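J.: quick one: sequence and predicted model below, then my questions.
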Amino acid sequence: MAVDRSRLPSPGPPLSFNFPEMRRATLGNGLRICTIEHHAVPLITCFVLMPVGSSQDPPDHPGLAAITGDLLDEGSGDLDALAVHEALGRIGAHLDTEIGADATLLELTTLEQYAPRALDLLASMVRSPRLDQRDFDRVRELRLNRLVQLRDLPPAVADRLFTQYLYRDHPYGHLPIGTEGALQSLRLDDVVAFHRRVYTPAHATVIAVGDASHDRLAEFVASAFGGWTTPAPPQAPLLDVAGLAVPPLDAGRVVIAHRSGAAQSELRIGHLGLPRSTPDYHALLVMNMILGGQFVSRINLNLREEKGYTYGARTSFEFRKAPGPFVFQASVQSEVTADAVREALAEIEGIRGTRHVTSEELELGRAALTRGYPRNFETSEQLGRAAVQLALYELPDNYFSTFVPRVLSVSEADVTRVAHEHLDPARLLTVVVGDREKVGPTLGALDLGERSEVAIA
Amino acid sequence: MNIPFVRHRLDNGLDVLIHSDHNCPIVAVNVWYHVGSKNERPGRTGFAHLFEHLMFEGSEHYDRGYFHPLQEAGALLNGSTNADRTNYWEVVPSNALELALWMESDRMGYLLPALTDAKFENQRDVVLNERRQQYENRPYGLAGMAIVAALYPPDHPYHWLTIGAAEDIAAARIEEVREFFKTYYRPSNASLSIAGDVQPDEALRLAEAYFGDLEAGDPIPPVMAPLAAPRQEEARLVLEDRVELPRIYMSWHSPALFAPFDAELDLVAEVLASGKTSRLYRALVFERRLATEVAASQNSREMGSFFQVVATAAPGRTLVELERAIAAEIEALIASGPTAVEMERCRAQAEAQFVYRLQTVGGFGGKGDQLNAYNVFLEQPDYFDRDLARYRSASAASLQQAALEYLRPESRVILSVVPHGRTAAALADAAPAVVA
């Protein structure tokens, strides 16, 4: 059969997609359960979501939430640290702990036949970690060493400076790992008190997904977490990060961290963005797809495919409980740093109205988000993470069925409006981790605002 | 446990493998070409990977970037090159299968008419930036180059990393792209898998329609490789880098992918350094706090693998201490083999890993990618259960035997990576490493 190569086959109408049923329950101790059946592979993936991220760190202890999360698998109940991992290893279970700005998330994947044992281990870690002095000392030392190593890693240095200069004293103003000084002054008692205060069943949501019925999944969770009780006396409530004032946008400024002889400059350019609750969420997603959110975005096509300045450039909004950052990021050849910055700024300026979004760009951005949507829900892990988003950001259960129509309803005018309202080229913070001698002179010719140099510490 | 599939070989030699999985309305298209940096020559390195970039820049009947129409159809797509093979994949909504096959077949058959100097020069710059980002500007980023250069003789195709030497990339010429395409990018040197929400008959009909009329071409030239025998004496190297903490890399020649003892050494790596209860983590990080991190891996490749242990010194600790501690653990493993508990654990982990690998139809390591791997390297796309059997049949004795044969101290390459100006922090008698 001869095929027609004169034009591309069109993919047909978008496929309908239904998120599987979620069932919810609340245990007597206040712990919320969500179950999702997924029978493709004989596995169970279980998430414990604690709405406790680095933004809950006390001002004098940046890094406390993260080290607490890190210590959960360092011994619990009758098992010491090695025994916990021995037990997990013998059933081939995989445990992962993530600490972000808004939450701590534990993820455990196991073969279905070992689910009760695996969930018991998981519950024990969360409820009653041993928090021994020895383990605390060891883990703290590892985190301090990690901080030392991060000084060599340009992306990590850039992220740290960007976060710090953008948010200053706001709870989002530090990375989860914290700082050297804070970790050094931290005591085990701080961790114990923090755990007691924030790791309570009423704060926890457990999401179980996999190859078992809703009833069985719920039973596994109830049996493992049902006996968890809240310590008396009542503890102080969590900090309401969404309710705090965010720092006002500064005038534009540049921060340069000198890395002599660096082959590339690591760039972060951005300002505060929007919270997850913004009504402009879908319009911002589409706008960002066009600006820098996919390979065929304006920014990547310009900086990579046209100019060859970089291996890749992108922009993103991080939507959190409180406004997360909007940021452009790229690693660019040192000699073209100023050119790359100028092009990125021109693209940000352009999408605000000087270079209107075309109907083709709009179509592409919307289609990429909607037509590819079902592949975000292939595995138990993906389904569980989707449910985590609902729980963390208090989104309705029908959220996934409304996503596609809402994205498709975004218009060209919406894109220009949200770009105009939410991007402000005059107030961008530019962070450059690179060689001052190669970068400085040409960068100085750009009008980026007050300039400062910092040491990589 | 297996990945069921139907297989059909087209007249031009292209293998088509189809796996149905209706869990999610998506389908993964995956093409492997049996060419990688091992097909390059000294002085012309980095070419296979640079070529991969050009495969995304348009072909005769769609002479624009490949990302646009595929992302517009909802695809996730990528490609990768290693020493042995190059792969390209798309995960698309199931009704965009034809689009993906149209595009994959067009670049397999008709790349060159769309090739221009401008595209070539642009992607050469992109690749040089990829190299800067992933190697030159990254701590310890050049260690891998120093190690393979010491493990393999200069005319061996594993002597260089796939990214290649910067000067070779800069010197690449567009004529070489044409030659490379004609030599290696042909149906008989490729394997196509289609995995996901498809009916096998329909998928096969489309594959036949789009790929069936591509020219078979000549057989590809064999790879000329001198024998890379295990070293007879230890090599000690030092590399200065912009790092705070010194790091030690120990590397040994080991059996090729799927050869006897390849699976055993994978398990030896688990016993040594996977998880907190592993021997090296426990000794070096947990108990003695000599190291901030430790890793071990069997890096399996078609023409011969290498086994590697890597550890980063904790502040105030020396690479000499690290080397002694690592050597002692390996010696102990060679002397007594793994314990029954260790065997139970590493087999349970391996077994679970095989199940975890069945979760996705596409992308790197998805089911479509695995079918192609088994097909290209073994011509046995149904190898999944036998692959698992390799791990199930490994015993404490066979792990011990593998460690004894391959992890000999006298055949190591030891690289010390130290902060600039602190060569004294390296192991004694280390020669400066050569990195391109």
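T.: Received, thanks. Numbering: from 1, shown residues only, chains lettered A, B, ... in the order given.

J.: for residue 311, what are its contacts?
T.: I went with chain A, as the question did not name one. In this structure, A:Tyr311 makes contact with A:Arg304, A:Ser331, B:Val126, B:Val127, B:Asn129, B:Glu130, B:Arg132, B:Gln133, B:Gln134, judged by C-beta atoms under 8 Å, 6 or more residues apart in numbering or on different chains. Every C-beta, even on glycine, is put in place using the N, C-alpha and C of the backbone.

J.: not what I meant, chain B
T.: B:Arg247, B:Ile248, B:Leu280, B:Leu284, B:Leu290, B:Ala291, B:Glu293, B:Val294, B:Ala295, B:Leu322, B:Ile326.

J.: ok, for the fourth one, nearest residue in space, not its chain neighbours?
T.: Think B:Leu284. Counting by C-beta to C-beta, 6 or more residues apart in numbering or on different chains, the nearest residue to B:Leu284 once its immediate chain neighbours are dropped is B:Ala291, at 4.1 Å.

J.: what's the spacing between the one you found and B:Val309?
T.: 11 Å (C-beta to C-beta, to the nearest Å).

J.: equivalent analysis for A:Leu71, please.
T.: Using C-beta to C-beta, one gets 27 Å for the distance from A:Leu71 to B:Val309.

J.: can you tell me the closest non-neighbouring residue to the residue nearest the centre of chain A?
T.: The centre of chain A sits closest to A:Gly100, judged by C-alpha atoms, centre = their mean, with a distance of 6.1 Å. With C-beta to C-beta, 6+ apart as the measure, A:Gly53 is the residue that lies nearest to A:Gly100, at 4.9 Å, once sequence neighbours are left out.

J.: distance of that neighbour from B:Leu206?
T.: 47 Å.

J.: out of these two, which sits in the more crowded spot?
T.: The neighbour count for A:Gly53 versus B:Leu206, taken as other C-beta atoms under 10 Å in any protein chain shown, is higher for A:Gly53 (25 against 22).

J.: quick check: that one touching A:Glu98?
T.: No: with contact taken as C-beta atoms under 8 Å, A:Gly53 and A:Glu98 are classed as non-touching, separated by 9.4 Å.

J.: which residues do these two both contact?
T.: A:Thr104.

J.: pretty sure A:Val433 sits in a strand.
T.: Yes: secondary structure of A:Val433, determined by DSSP: H, G, I helix; E, B strand; the rest coil: located in a strand.

J.: how close does it sit to chain B?
T.: A:Val433 sits 10 Å away from chain B, going by C-beta to the nearest C-beta, to the nearest Å.

J.: contact partners for that residue?
T.: By C-beta under 8 Å, 6+ apart, the contact list for A:Val433 reads A:Pro154, A:Val157, A:Ala158, A:Leu161, A:Ile256, A:Ala257, A:Arg259, A:Ala262, A:Ser265, A:Glu266, A:Ile456.

J.: among those residues, which two are most distant?
T.: In terms of C-beta to C-beta, those reach their longest pairwise distance at A:Leu161 and A:Ala262, which sit 14.8 Å apart.

J.: which one's more surrounded, these two?
T.: Counted by other C-beta under 10 Å, A:Leu161 and A:Ala262 do not tie: A:Ala262 has more neighbours, with 24 against 21.

J.: just give the closest residue to B:Ser274, not the sequence neighbours.
T.: B:Gln349 (6.9 Å).

J.: run a quick neighbour tally on the one you found.
T.: Taking other C-beta under 10 Å as the criterion, the count of residues near B:Gln349 is 21.

J.: helix or strand: which one has it?
T.: Assignment of secondary structure by DSSP states H and E places B:Gln349 within helix B:340-356.

J.: for chain A, see how far away B:Ala203 is.
T.: The spacing between B:Ala203 and chain A, counted by C-beta to the nearest C-beta, is 14 Å.

J.: I'd assumed B:Ala100 was in contact with that residue.
T.: No: here B:Ala203 lies out of contact with B:Ala100, judged by C-beta under 8 Å, at a distance of 10.8 Å.

J.: any shared contact partners between the two?
T.: With contacts defined as C-beta under 8 Å, 6+ apart, the residues adjacent to both B:Ala203 and B:Ala100 are B:Val27.

J.: return the helix or strand in chain A with minimum mean pLDDT.
T.: Taking all helices and strands of chain A together, the one with the lowest average confidence (mean pLDDT, DSSP states H and E) is helix A:436-444, at a mean of 86.

J.: what stretches of the stretch 51-200 of chain A score poorly on pLDDT?
T.: Counting by pLDDT under 70, the stretch 51-200 of chain A contains no low-confidence segment.

J.: enumerate every residue touching the residue in it that chain B sits nearest to.
T.: When you check the stretch 51-200 of chain A against chain B by C-beta to the nearest C-beta, the closest residue turns out to be A:Gly92, at 2.9 Å. The contact partners of A:Gly92, by C-beta under 8 Å, 6+ apart, come to A:Thr110, A:Leu111, A:Tyr114, B:Ala348, B:Gln349, B:Ala350, B:Glu351, B:Ala352, B:Gln353.

J.: about what we covered before: compare the contacts of A:Tyr311 and tell me which has the most neighbours.
T.: Comparing the contacts of A:Tyr311 on neighbour count, A:Ser331 comes out first with 28 neighbours (neighbours: other C-beta under 10 Å).

J.: pretty sure that residue sits in a strand.
T.: Yes: following the definition three-state DSSP, A:Ser331 is counted among the residues of a strand.

J.: okay, and the beta partners of it?
T.: Taking DSSP bridges, one finds A:Glu266 as the beta-bridge partners of A:Ser331.

J.: which residues touch the residue nearest the centre of chain B?
T.: In chain B, the centroid-proximal residue (C-alpha atoms, centre = their mean) is B:Asn82; its distance is 5.0 Å. Taking C-beta under 8 Å, 6+ apart, we find B:Asn82 in contact with B:Gly36, B:Ser37, B:Thr162, B:Arg301.

J.: A:Pro14 now?
T.: For A:Pro14, the residues meeting the contact criterion (C-beta under 8 Å, 6+ apart) are A:Thr370, A:Arg371, A:Val404, B:Gly74, B:Pro93.
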